[in-house]
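> Fold the following.
(one chain, ligands or ions: 1)
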Amino acid sequence: IQAHGRPRYDENGNANRMVGMTADITDKKLAEQRKDDFLSVASHELKTPLTSVKASIQLLNRIKDRPYSETHVKLIEQSDKSIEKMCMLVDDLLNMSRMGQDQLNLECNTFNIYEMLNSSCSHIRFLNEYEIILSGDKTLEVFADQHRIDQVVVNFVNNAIKYGKDSKRINIETEAVGEFIKVSVKDFGQGIPESAIPFVFDRYYRADHLGKSYSGLGLGLFICSEIIKKHSGKIGVESKIGEGSTFWFMLPK
Ligand code: ADP
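Take a look at the predicted model:
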(Lines give C-alpha, C1' and ligand atoms only; values in the text may rest on other atoms or scores of the structure.)
Protein backbone atom coordinates (compact mmCIF):
# COMPACT_ATOMS: atom_id res chain seq x y z
CA ILE A 1 0.00 0.00 0.00
CA GLN A 2 1.41 3.41 -0.93
CA ALA A 3 0.32 6.86 0.21
CA HIS A 4 0.97 9.42 -2.46
CA GLY A 5 0.46 13.17 -2.14
CA ARG A 6 1.47 16.50 -3.60
CA PRO A 7 1.22 20.00 -2.21
CA ARG A 8 -1.00 22.36 -4.19
CA TYR A 9 0.05 25.98 -4.39
CA ASP A 10 -1.96 29.17 -4.76
CA GLU A 11 -0.90 31.74 -7.35
CA ASN A 12 1.61 33.28 -4.91
CA GLY A 13 3.37 29.98 -4.51
CA ASN A 14 2.12 29.26 -0.97
CA ALA A 15 1.20 25.64 -0.29
CA ASN A 16 -2.47 25.68 0.70
CA ARG A 17 -3.51 22.01 0.59
CA MET A 18 -2.36 18.46 -0.05
CA VAL A 19 -3.95 16.24 -2.66
CA GLY A 20 -3.31 12.54 -2.42
CA MET A 21 -4.45 8.98 -2.38
CA THR A 22 -3.57 5.53 -1.09
CA ALA A 23 -3.44 2.48 -3.31
CA ASP A 24 -2.21 -1.08 -3.55
CA ILE A 25 0.61 -0.67 -6.05
CA THR A 26 2.37 -4.03 -6.07
CA ASP A 27 1.52 -4.88 -9.70
CA LYS A 28 1.75 -1.26 -10.81
CA LYS A 29 5.24 -0.93 -9.28
CA LEU A 30 6.50 -4.05 -11.01
CA ALA A 31 5.08 -2.91 -14.34
CA GLU A 32 6.67 0.55 -13.91
CA GLN A 33 10.02 -1.01 -13.01
CA ARG A 34 9.93 -3.06 -16.20
CA LYS A 35 8.95 -0.01 -18.23
CA ASP A 36 11.85 1.98 -16.68
CA ASP A 37 14.38 -0.76 -17.45
CA PHE A 38 13.14 -0.99 -21.01
CA LEU A 39 13.23 2.80 -21.47
CA SER A 40 16.76 2.99 -20.14
CA VAL A 41 18.14 0.34 -22.50
CA ALA A 42 16.10 1.46 -25.52
CA SER A 43 17.00 5.14 -25.19
CA HIS A 44 20.71 4.43 -24.76
CA GLU A 45 20.71 2.13 -27.78
CA LEU A 46 18.81 4.65 -29.94
CA LYS A 47 20.94 7.64 -29.01
CA THR A 48 24.16 6.59 -30.76
CA PRO A 49 22.83 5.82 -34.28
CA LEU A 50 20.51 8.81 -34.07
CA THR A 51 23.38 11.17 -33.27
CA SER A 52 25.33 9.82 -36.21
CA VAL A 53 22.40 10.23 -38.67
CA LYS A 54 21.85 13.76 -37.36
CA ALA A 55 25.51 14.65 -37.93
CA SER A 56 25.40 13.25 -41.48
CA ILE A 57 22.28 15.21 -42.38
CA GLN A 58 23.77 18.39 -40.96
CA LEU A 59 26.88 17.80 -43.07
CA LEU A 60 24.74 17.38 -46.21
CA ASN A 61 22.96 20.60 -45.29
CA ARG A 62 26.22 22.50 -44.96
CA ILE A 63 27.70 21.60 -48.35
CA LYS A 64 28.04 24.72 -50.44
CA ASP A 65 27.30 24.63 -54.18
CA ARG A 66 24.99 21.72 -53.46
CA PRO A 67 24.78 19.28 -56.36
CA TYR A 68 21.11 18.66 -55.42
CA SER A 69 17.78 19.38 -57.03
CA GLU A 70 15.07 21.30 -55.13
CA THR A 71 13.42 18.00 -54.21
CA HIS A 72 16.66 16.76 -52.67
CA VAL A 73 16.99 19.93 -50.63
CA LYS A 74 13.39 19.59 -49.36
CA LEU A 75 13.93 15.95 -48.43
CA ILE A 76 17.11 16.79 -46.53
CA GLU A 77 15.34 19.59 -44.66
CA GLN A 78 12.38 17.34 -43.78
CA SER A 79 14.72 14.61 -42.56
CA ASP A 80 16.58 17.18 -40.48
CA LYS A 81 13.32 18.24 -38.77
CA SER A 82 12.18 14.65 -38.17
CA ILE A 83 15.55 13.67 -36.74
CA GLU A 84 15.40 16.70 -34.46
CA LYS A 85 11.98 15.55 -33.16
CA MET A 86 13.28 12.02 -32.62
CA CYS A 87 16.30 13.38 -30.76
CA MET A 88 13.99 15.34 -28.46
CA LEU A 89 11.91 12.24 -27.78
CA VAL A 90 14.98 10.12 -27.08
CA ASP A 91 16.35 12.89 -24.85
CA ASP A 92 13.07 12.76 -22.88
CA LEU A 93 13.45 9.03 -22.46
CA LEU A 94 17.11 9.39 -21.47
CA ASN A 95 16.25 12.14 -18.97
CA MET A 96 13.55 9.89 -17.58
CA SER A 97 15.87 6.96 -17.02
CA ARG A 98 18.51 9.26 -15.49
CA MET A 99 15.89 10.58 -13.09
CA GLY A 100 14.90 7.03 -12.18
CA GLN A 101 18.56 6.45 -11.27
CA ASP A 102 18.81 9.87 -9.57
CA GLN A 103 21.48 11.04 -12.04
CA LEU A 104 20.11 14.41 -13.04
CA ASN A 105 23.14 16.67 -12.58
CA LEU A 106 22.77 20.43 -12.81
CA GLU A 107 25.32 22.81 -14.33
CA CYS A 108 24.32 26.15 -12.84
CA ASN A 109 25.36 29.68 -13.67
CA THR A 110 23.84 33.14 -13.31
CA PHE A 111 21.75 34.40 -16.24
CA ASN A 112 19.01 36.86 -17.11
CA ILE A 113 15.76 34.89 -17.28
CA TYR A 114 14.00 37.37 -19.59
CA GLU A 115 16.81 37.16 -22.16
CA MET A 116 16.76 33.39 -21.99
CA LEU A 117 12.97 33.35 -22.55
CA ASN A 118 13.33 35.79 -25.42
CA SER A 119 15.79 33.56 -27.23
CA SER A 120 13.71 30.36 -26.60
CA CYS A 121 10.59 32.17 -27.90
CA SER A 122 12.19 33.52 -31.05
CA HIS A 123 13.15 29.98 -32.03
CA ILE A 124 9.58 28.71 -31.38
CA ARG A 125 7.99 31.71 -33.16
CA PHE A 126 10.15 31.01 -36.18
CA LEU A 127 9.00 27.39 -36.30
CA ASN A 128 5.31 27.76 -35.49
CA GLU A 129 3.81 31.11 -36.54
CA TYR A 130 2.53 31.69 -33.03
CA GLU A 131 1.96 34.99 -31.33
CA ILE A 132 4.07 34.65 -28.20
CA ILE A 133 3.91 37.72 -25.99
CA LEU A 134 6.68 38.06 -23.46
CA SER A 135 6.18 40.55 -20.62
CA GLY A 136 7.32 41.36 -17.08
CA ASP A 137 10.51 42.28 -15.31
CA LYS A 138 13.47 42.32 -17.73
CA THR A 139 16.14 42.55 -15.06
CA LEU A 140 15.62 39.32 -13.10
CA GLU A 141 18.62 37.02 -12.80
CA VAL A 142 18.66 33.44 -11.60
CA PHE A 143 21.35 30.96 -10.63
CA ALA A 144 20.23 27.80 -12.41
CA ASP A 145 20.98 25.28 -15.14
CA GLN A 146 20.05 27.32 -18.21
CA HIS A 147 19.74 24.32 -20.50
CA ARG A 148 17.34 22.56 -18.10
CA ILE A 149 15.22 25.67 -17.48
CA ASP A 150 15.00 26.20 -21.24
CA GLN A 151 13.82 22.58 -21.48
CA VAL A 152 10.98 23.33 -19.01
CA VAL A 153 9.90 26.47 -20.90
CA VAL A 154 10.01 24.70 -24.27
CA ASN A 155 7.92 21.88 -22.81
CA PHE A 156 5.28 24.28 -21.46
CA VAL A 157 5.15 26.14 -24.78
CA ASN A 158 5.02 22.95 -26.85
CA ASN A 159 2.07 21.76 -24.74
CA ALA A 160 0.38 25.14 -25.13
CA ILE A 161 0.72 24.71 -28.91
CA LYS A 162 -0.31 21.06 -28.87
CA TYR A 163 -3.39 21.50 -26.65
CA GLY A 164 -4.12 25.04 -27.81
CA LYS A 165 -7.09 24.28 -30.10
CA ASP A 166 -7.39 27.13 -32.61
CA SER A 167 -5.85 29.69 -30.32
CA LYS A 168 -2.54 30.95 -31.68
CA ARG A 169 -1.66 33.08 -28.68
CA ILE A 170 0.63 32.37 -25.74
CA ASN A 171 1.57 34.81 -22.97
CA ILE A 172 4.80 34.39 -21.04
CA GLU A 173 5.45 36.49 -17.95
CA THR A 174 8.34 36.93 -15.53
CA GLU A 175 7.94 38.42 -12.07
CA ALA A 176 9.51 38.44 -8.63
CA VAL A 177 7.29 36.82 -5.97
CA GLY A 178 8.80 37.03 -2.48
CA GLU A 179 12.03 35.05 -2.42
CA PHE A 180 11.31 33.52 -5.83
CA ILE A 181 11.35 34.37 -9.51
CA LYS A 182 8.20 33.20 -11.23
CA VAL A 183 7.76 32.33 -14.93
CA SER A 184 4.21 31.70 -16.21
CA VAL A 185 3.15 30.34 -19.59
CA LYS A 186 -0.50 31.03 -20.34
CA ASP A 187 -2.49 29.48 -23.18
CA PHE A 188 -6.08 29.96 -24.31
CA GLY A 189 -6.72 26.36 -25.33
CA GLN A 190 -8.66 23.34 -24.07
CA GLY A 191 -7.97 23.72 -20.37
CA ILE A 192 -7.75 20.82 -17.92
CA PRO A 193 -10.62 19.43 -15.79
CA GLU A 194 -10.27 20.11 -12.05
CA SER A 195 -10.17 16.38 -11.31
CA ALA A 196 -7.11 15.91 -13.57
CA ILE A 197 -5.09 18.90 -12.34
CA PRO A 198 -3.48 17.16 -9.31
CA PHE A 199 -2.05 14.47 -11.58
CA VAL A 200 -0.71 16.28 -14.64
CA PHE A 201 2.87 16.31 -13.24
CA ASP A 202 2.77 12.56 -12.56
CA ARG A 203 4.84 10.16 -14.62
CA TYR A 204 2.98 8.73 -17.66
CA TYR A 205 -0.19 10.68 -16.78
CA ARG A 206 -2.33 11.84 -19.70
CA ALA A 207 -5.70 13.47 -19.02
CA ASP A 208 -8.65 11.58 -20.54
CA HIS A 209 -10.67 14.59 -21.63
CA LEU A 210 -8.52 15.14 -24.71
CA GLY A 211 -9.08 11.62 -25.98
CA LYS A 212 -6.34 9.90 -27.92
CA SER A 213 -6.09 12.55 -30.60
CA TYR A 214 -2.73 13.89 -29.36
CA SER A 215 0.45 11.86 -29.41
CA GLY A 216 2.65 11.84 -26.34
CA LEU A 217 4.15 9.74 -23.58
CA GLY A 218 2.92 11.66 -20.54
CA LEU A 219 6.53 12.32 -19.52
CA GLY A 220 7.11 15.99 -20.35
CA LEU A 221 5.54 17.57 -17.28
CA PHE A 222 6.98 14.92 -14.99
CA ILE A 223 10.47 15.76 -16.26
CA CYS A 224 9.75 19.49 -15.81
CA SER A 225 8.66 18.92 -12.24
CA GLU A 226 11.81 16.87 -11.46
CA ILE A 227 14.02 19.61 -12.95
CA ILE A 228 12.33 22.33 -10.90
CA LYS A 229 12.40 20.21 -7.72
CA LYS A 230 16.15 19.71 -8.23
CA HIS A 231 16.50 23.54 -8.26
CA SER A 232 14.54 23.73 -4.94
CA GLY A 233 11.79 25.52 -6.83
CA LYS A 234 8.04 25.10 -7.19
CA ILE A 235 5.86 24.17 -10.14
CA GLY A 236 2.09 24.35 -10.69
CA VAL A 237 -0.85 25.01 -12.96
CA GLU A 238 -4.13 26.90 -12.89
CA SER A 239 -6.64 25.91 -15.52
CA LYS A 240 -10.28 26.15 -16.51
CA ILE A 241 -11.86 23.86 -19.04
CA GLY A 242 -12.61 25.72 -22.27
CA GLU A 243 -10.66 28.81 -21.20
CA GLY A 244 -7.04 27.68 -21.06
CA SER A 245 -4.19 26.91 -18.69
CA THR A 246 -1.37 28.76 -16.98
CA PHE A 247 1.63 26.58 -16.22
CA TRP A 248 4.23 28.20 -13.98
CA PHE A 249 7.45 27.54 -12.10
CA MET A 250 9.36 29.44 -9.45
CA LEU A 251 13.10 29.45 -8.83
CA PRO A 252 14.79 30.77 -5.68
CA LYS A 253 16.33 34.19 -6.25
P1 ADP B 1 2.03 14.49 -23.05
O2 ADP B 1 1.79 15.85 -23.65
O3 ADP B 1 3.08 13.69 -23.73
O4 ADP B 1 0.76 13.74 -22.83
P5 ADP B 1 2.79 15.91 -20.59
O6 ADP B 1 3.45 15.37 -19.35
O7 ADP B 1 3.47 17.05 -21.25
O8 ADP B 1 2.63 14.67 -21.56
O9 ADP B 1 1.33 16.36 -20.20
C10 ADP B 1 0.50 15.50 -19.40
C11 ADP B 1 -0.97 15.76 -19.70
O12 ADP B 1 -1.36 17.05 -19.21
C13 ADP B 1 -1.31 15.80 -21.19
O14 ADP B 1 -1.57 14.51 -21.69
C15 ADP B 1 -2.56 16.68 -21.21
O16 ADP B 1 -3.70 15.89 -20.89
C17 ADP B 1 -2.33 17.65 -20.05
N18 ADP B 1 -1.79 18.97 -20.51
C19 ADP B 1 -0.51 19.37 -20.47
N20 ADP B 1 -0.38 20.64 -20.93
C21 ADP B 1 -1.62 21.05 -21.24
C22 ADP B 1 -2.17 22.28 -21.76
N23 ADP B 1 -1.38 23.35 -22.03
N24 ADP B 1 -3.52 22.34 -21.97
C25 ADP B 1 -4.31 21.27 -21.68
N26 ADP B 1 -3.86 20.09 -21.19
C27 ADP B 1 -2.53 19.98 -20.97
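> Which residues lie in contact with whatever residue of the chain ends up closest to the ligand in this structure?
The ligand sits closest to Gly216 of the chain, with a gap of 2.2 Å, by Cβ to the nearest ligand atom. Heads up, the C-betas are built off the backbone N, CA and C, glycines and all. Going by Cβ atoms under 8 Å, 6 or more residues apart in numbering, Gly216 touches 162, 206.
> What values do phi and psi take at it?
With angles defined as degrees, to the nearest 10, Gly216 sits at phi 160, psi 170.
> give the contact list for the spatially most central residue of the chain.
Nearest residue to the geometric centre of the chain (Cα atoms, centre = their mean): Asn155, 2.4 Å. Applying Cβ under 8 Å, 6+ apart, we find Asn155 in contact with 220-221, 223-224.
> still on that earlier bit, what does the model give the residue of the chain closest to the ligand for pLDDT?
Per-residue confidence (pLDDT) for Gly216: 75.
> Same check on Lys212?
The model reports Lys212 with a pLDDT of 61.
> Can you name every helix or strand that the helix or strand hosting Lys74 contacts?
With elements taken from DSSP states H and E, the one containing Lys74 is helix 70-100. For helix 70-100, the packing partners by 3 or more Cβ pairs under 8 Å, 6 or more residues apart in numbering; DSSP states H and E come out as helix 26-62, helix 220-230.
> ranking these by burial, who's on top?
Of these, the one with the most neighbours on average (mean count of other Cβ atoms under 10 Å) is helix 220-230, at a mean of 21.
> Heading C-terminal from it, find the next helix or strand.
strand 234-240.
> wait, does the very next helix or strand once past that next one contact the ligand?
Next along the chain after strand 234-240, taking DSSP H and E as the criterion, comes strand 244-252. Yes - residues of strand 244-252 contacting the ligand under Cβ under 6 Å from any ligand atom: Ser245.
> and strand 244-252, which strands flank it?
strand 180-187 (antiparallel), strand 234-240 (antiparallel) (DSSP bridges).
> Return the set of buried residues in the shortest one.
Yep, that's strand 234-240 we're talking about. Buried residues in strand 234-240, counting neighbours by 16 or more other Cβ atoms under 10 Å, are found at 234-239.
> low pLDDT regions in the stretch 101-250 of the chain?
101-102, 123, 125-128, 209-212 (pLDDT under 70).
> let's see 50
Within the stretch 101-250 of the chain, no range satisfies pLDDT under 50.
> Can you verify my assumption that Asp208 contacts Ala196?
Yes - assessed by Cβ atoms under 8 Å, Asp208 is found in contact with Ala196 at 7.4 Å.
> Between those two, tell me which one has more neighbours.
Shown here are Asp208 and Ala196; by other Cβ atoms under 10 Å, Ala196 has more neighbours (17 against 9).
> leaving aside the residues next to it on the chain, what's closest to that one?
Nearest non-adjacent residue to Ala196, counting by Cβ to Cβ, 6 or more residues apart in numbering: Ala207, 4.0 Å away.
> quick one: contacts for Lys47?
Lys47 makes contacts with 90, 94, as judged by Cβ under 8 Å, 6+ apart.
> if you set the cut-off to 10 Å instead, what comes out?
Residues near Lys47 by Cβ atoms under 10 Å, 6 or more residues apart in numbering: 87, 90-91, 93-94.
> would you turn these into a markdown table with neighbour count?
As requested, those are exported to a markdown table (neighbours: other Cβ atoms under 10 Å):
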| residue | neighbour count |
| --- | --- |
| Cys87 | 16 |
| Val90 | 18 |
| Asp91 | 15 |
| Leu93 | 21 |
| Leu94 | 17 |
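> can those residues go into a markdown table with extra columns for pLDDT?
A markdown table is the format used below for the contacts of Lys47 (pLDDT from 0 to 100):
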| residue | pLDDT |
| --- | --- |
| Cys87 | 85 |
| Val90 | 87 |
| Asp91 | 81 |
| Leu93 | 82 |
| Leu94 | 83 |
